[in-house]
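> predicted model and sequence follow; I will ask about them next.
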Amino acid sequence: MNVNQKIEAALSDLVGGNIWPLSCPLEELPGEWIVHNPELETPELHGDDADLEWVHYMQVHWFKRGNAKSPVNYVGIRKTIRARLRDAGFSVSDIETLFEKDTGITHLVFSCNIEEEDPYGET
């Protein structure tokens, strides 16, 4: 299973299947959705002058519409997403909270990483 598939398998049911790589493809945004994107892919372990293990650094963005006066209560979903990512093998390094007053959208950004299972397609 690749990195995108792991994220989608772990989180898709939380947003009714509204999860996509890079951006939401819908013209009208759903009430709640997730997009994810790669941030960095880098070798983390070297041996005999070769890269041996690769790590994918990803961002997972959770969005939910509310009203333009205050953010939605995100505490529960923040803990759930963090736990689901951990259970899928990711390490979460930080979570940023954003609120767009003009749209009323609450936005959480999860920075996470995971070691690539088979970087060279050998198994």
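Structure received.
> buried ones in the helix or strand hosting Thr80, by neighbour count?
Applying DSSP states H and E as the criterion places Thr80 in helix 75-87. Residues of helix 75-87 classed as buried: 77, 81-82, 84-85 (neighbour count, 16 or more other Cβ atoms under 10 Å). In short, each C-beta sits where N, CA and C put it, glycine included.
> tell me the helices and strands packed up against the helix or strand following that helix.
Counting by DSSP H and E, the next helix or strand C-terminal to helix 75-87 is strand 91-100. With contacts taken as 3 or more Cβ pairs under 8 Å, 6 or more residues apart in numbering; DSSP states H and E, strand 91-100 sits against helix 75-87, strand 105-115.
> let's see 10 Å
For strand 91-100, the packing partners by 3 or more Cβ pairs under 10 Å, 6 or more residues apart in numbering; DSSP states H and E come out as strand 50-65, helix 75-87, strand 105-115.
> now the nearest residue to Val109 once chain neighbours are set aside: how far from Asp102?
Spatial nearest neighbour of Val109, excluding adjacent residues (Cβ to Cβ, 6 or more residues apart in numbering): Glu96 at 4.3 Å. Distance from Glu96 to Asp102, counting by Cβ to Cβ, to the nearest Å: 19 Å.
> look at those two and report which has more neighbours.
It is Glu96, of Glu96 and Asp102, that has more neighbours when counted by other Cβ atoms under 10 Å, with 11 against 6.
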